[in-house]
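Trainee: next one to model:
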Amino acid sequence: MPQPASRSIGRPAEPGRAAWPTLVVISAGGVIGALARYGLSAAFPHGPAAFAWATLAVNAAGCLLIGILMVAVTEVWETHRLIRPFLGVGVLGGFTTFSTYIVDIQQALAAGAARTALAYLAGTAAAALTAVHLGVRVARLVTRSRRQRAAGVIGGTEGYRPSSRIQR
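Mentor: Numbers count the residues shown, from 1 in each chain. I've put the predicted structure just below:
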C-alpha cells in the first residue's frame, strides 16, 4: 500500500542539522505531556492492588488524540515539519504512559491482585487500540464532511449547495 506524501511545509534540513530542532521540539512537547499526565495521576491516585483508571484514561485519551492528529497532519493540514514530532512524539508521547501501565500491572501482581492485573492488561490494550482507530475514523469522517461541504457535495450528491435547491 503506497504511503501518503508528506504535506510538511519546507524542505528537510541536512541530516546532521535536522536532528537538533527535532530533538528540541520533542523534548519540549514531552515535558508538557508528562506534566499533564502527572497532574492527572496525582489527582486520581490508586493503590497497588486497585485498577489504575487514571492511567487507562490517559492512555486511551492520548491514543484517540494521536489518531486525530495523524489524520490532521498527513491528510488535512499543510504543517511545518516540526509540528508532528512536537505534538505526536513529544506532547502525546509524554502524555501517554505505557511504561507506567506495565509498572501498574507488576504492582497489582505483587499485591496478589492477578485478576485486576489481567483485566487492566487487556482493558488498556483494547481501549488504546480502539481509541486510536476511533480517532482516525472520526477525524476522516469530519474532514470529509467539511471538504464535501466546501466543494458543494453533501451526502454524496454533487452539485447540492445550501443556497440552491436544484440538484444536478
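
Trainee: low-confidence regions, the protein specifically.
Mentor: Scanning the chain with the threshold set as pLDDT under 70 gives 1-18, 153-168.

Trainee: can you give me the strands in it?
Mentor: When secondary structure is read from DSSP state E, the chain shows strands at 8-9, 79-80.

Trainee: which helices and strands does the longest helix seen in the chain pack with?
Mentor: Once the chain is assigned using DSSP state H, the helix that runs over the most residues is helix 114-151. Contact analysis of helix 114-151 by 3 or more CB pairs under 8 Å, 6 or more residues apart in numbering; DSSP states H and E lists helix 53-71, helix 98-110 as its packing neighbours. C-betas here are computed from N, CA, C, even on glycine.

Trainee: between the ones you listed, which one is closest to Leu141.
Mentor: Counting by CB to CB, Leu141 lies closest to helix 53-71 out of these; the figure is 9.8 Å.

Trainee: flag every buried residue along the closest one.
Mentor: 54-56, 58-71 (16 or more other CB atoms under 10 Å).

Trainee: cool, and stretch 34-53?
Mentor: Neighbour-count burial for stretch 34-53 flags Ala34, Ala36, Arg37, Leu40, Ser41, Pro48, Phe51, Ala52 (criterion: 16+ other CB under 10 Å).

Trainee: how about stretch 135-144?
Mentor: Buried, per 16+ other CB under 10 Å, within stretch 135-144: Gly135, Val136, Ala139, Thr143.

Trainee: quick one: contacts for the residue nearest the centre of the chain?
Mentor: Using CA atoms, centre = their mean, the residue of the chain that lies closest to the mean C-alpha position is Ile66, 1.3 Å off. The neighbourhood of Ile66, defined by CB atoms under 8 Å, 6 or more residues apart in numbering, consists of Gly88, Leu92, Thr96, Val132, Gly135.
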